[in-house]
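K.L.:
Coordinates only, no sequence provided:
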């Protein structure tokens with residue numbers, strides 16, 4: 001400003017001169033330096049603001065910068081807002097991971113932005129786009145408003161019915177669809193198991209209280225009957241003795257049945273440890289080797305995967321023993337009723353992995369299979385088609401598999417039947 005004032009004064013007094021030119025050069029240099037300093041400050045301020053916007057607070061302004069106080073205030077507000085946003089994001093992600101409800105969040109084009117492990121487990125695959133879900137995906141893609149509905153879903157060989165809820169919202173000018181999926185079949189199975197459990201608890205308590213004294217009274221009466229006791233007809237004495245023995249025997253057997261009945265409602269929670277299924281399958285086959293030889297039954301073990309699986313060794317061993325025993329009995333039944341049966345007697349045990357990346361064990365036999373009208377009842381407690389069966393084995397086995405996060409399924413084959421243990 002001094003140079004410009006001096007230049008103005010000299011120009012008015014004497015016009016152009018060497019002194020005026022020198023002052024003009026100095027003034028121009030000052031102005032150029034001032035603009036350069038201003039541009040440098042703006043450039044530095046721009047870098048600092050961009051770094052702050054990207055979450056980098058290492059850059060800052062000099063202590064004497066007039067904007068420093070405002071910068072520090074804005075930095076604290078942005079850091080606080082970012083911290084709160086990260087906390088909310090972590091909370092929502094933890095919530096999605098821990099809830100059992102399958103959740104998918106996608107944009108208007110069907111690209112999945114967020115999903116949780118329950119969705120991958122229910123659908124059997126990691127969904128990146130709704131088009132991967134075939135007909136179900138088409139239904140979700142064409143939904144432009146909130147929806148509540150049901151749809152069929154095929155997961156491997158298991159048919160399921162899904163309850164669907166879609167919420168459509170506009171967030172920051174973009175369409176977002178929040179999709180929740182729930183297995184109706186799984187919910188029904190859980191309710192069914194709970195109902196059976198309550199029923200068995202009530203019945204075992206009431207029946208056991210009556211059976212125990214009956215068996216004791218029958219045995220006491222038989223022991224108190226003197227040898228000198230006479231009847232007009234000696235056969236009457238034998239009939240009385242036989243009746244008391246039969247009563248004691250039947251009440252004892254009924255008590256054993258009630259104890260098995262009680263096992264269905266008092267199944268302990270499995271202790272899950274990482275184990276390999278192959279040695280266990282070899283052990284099951286070795287355990288039944290003599291029975292297989294006696295009944296001329298061939299067997300084969302096919303191992304297609306070698307993954308470790310989380311399961312309770314004792315409980316799964318019991319399930320596999322039940323299923324292997326059923327396979328032997330099924331083949332014996334076929335041989336009994338079909339003397340000219342040309343189908344070879346074979347039990348095939350397969351350890352594999354399905355499209356949902358679940359490990360499974362198949363125990364297949366070449367027996368007569370299970371009739372179509374009976375398949376829906378085979379897992380109902382105490383339902384049996386065997387003359388001497390208790391109807392507990394399959395129900396208990398399925399409950400064990402469900403407690404492991406898996407399932408027990410029956411697959412009807414062209415020649416024979418197959419039970420599949422699916423691990424969660």
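P.N.:
Noted; the coordinates are in hand. Nothing here was measured: the structure is a model prediction, and the numbers come from that model.

K.L.:
For residue 285, which residues are in contact?
P.N.:
When contacts are counted by CB atoms under 8 Å, 6 or more residues apart in numbering, residue 285 touches 292, 299, 301, 324, 349. C-betas here are computed from N, CA, C, even on glycine.

K.L.:
Where does the residue most central in space within the chain fall, secondary structure wise?
P.N.:
The structure's the chain has its C-alpha centroid closest to residue 121; by CA atoms, centre = their mean the separation is 4.8 Å. Here residue 121 sits within helix 117-123, counting by DSSP states H and E.

K.L.:
repeat for residue 126
P.N.:
Short version: residue 126 belongs to no helix or strand, going by DSSP H and E.

K.L.:
how many other residues sit next to it?
P.N.:
By other CB atoms under 10 Å, the residues close to residue 126 number 12.

K.L.:
cool, and residue 309?
P.N.:
Other residues near residue 309 number 22, with proximity taken as other CB under 10 Å.

K.L.:
can you check residue 44 too?
P.N.:
The burial metric for residue 44, expressed as a neighbour count using other CB under 10 Å, is 14.

K.L.:
Likewise for residue 63?
P.N.:
Other residues lying near residue 63 total 6 when counted by other CB under 10 Å.

K.L.:
just curious, which of the contacts of residue 285 is nearest to residue 166?
P.N.:
For the contacts of residue 285, the minimum distance to residue 166 (CB to CB) is 43.1 Å, reached by residue 349.

K.L.:
Show me what the helix or strand hosting that closest one is in contact with.
P.N.:
The secondary structure element spanning residue 349 is strand 346-353 (assigned by DSSP H and E). For strand 346-353, the external contacting residues (CB under 8 Å, 6+ apart) are 277-278, 281, 284-285, 292, 297-305, 307, 324, 327-328, 331, 359-366.

K.L.:
what are the pairing partners of the longest strand seen in the chain, and which direction each?
P.N.:
In terms of residue count, the longest strand belonging to the chain (DSSP state E) is strand 158-171. Paired with strand 158-171 in the same sheet, following DSSP bridges, are strand 147-155 (antiparallel), strand 174-183 (antiparallel).

K.L.:
contacts for the longest one?
P.N.:
In this case it means strand 174-183. Applying CB under 8 Å, 6+ apart, the contact partners of strand 174-183 are 101-108, 113, 119, 122-123, 140, 143, 160-170.

K.L.:
ditto for the first one
P.N.:
Contacts made with strand 147-155 from outside it, assessed by CB under 8 Å, 6+ apart, are listed as 122-124, 135-136, 139, 159-166, 184, 356.

K.L.:
could you flag which of the residues you listed are buried?
P.N.:
122-124, 136, 139, 160, 162, 164, 166, 356 (16 or more other CB atoms under 10 Å).

K.L.:
What ranges does the protein have for its strands?
P.N.:
Using DSSP E, the strands found in the chain span residues 102-107, 112-115, 147-155, 158-171, 174-183, 273-276, 298-303, 308-311, 346-353, 359-365, 407-412, 417-422.

K.L.:
ok, and for the strand holding residue 349, which residues are buried?
P.N.:
346-351.

K.L.:
same question, stretch 393-411
P.N.:
Residues 393-404, 406-410 are the ones in stretch 393-411 that count as buried (16+ other CB under 10 Å).

K.L.:
Out of the buried residues of strand 346-353, which is nearest to residue 85?
P.N.:
Ranking the buried residues of strand 346-353 by separation from residue 85, with CB to CB as the measure, puts residue 351 on top at 46.9 Å.

K.L.:
Which residue lies closest in space to that closest one, excluding its sequence neighbours?
P.N.:
Spatial nearest neighbour of residue 351, chain neighbours left out: residue 303 (4.8 Å); criterion: CB to CB, 6 or more residues apart in numbering.

K.L.:
State the pLDDT value of that neighbour.
P.N.:
Model confidence at residue 303, given as pLDDT, is 91.
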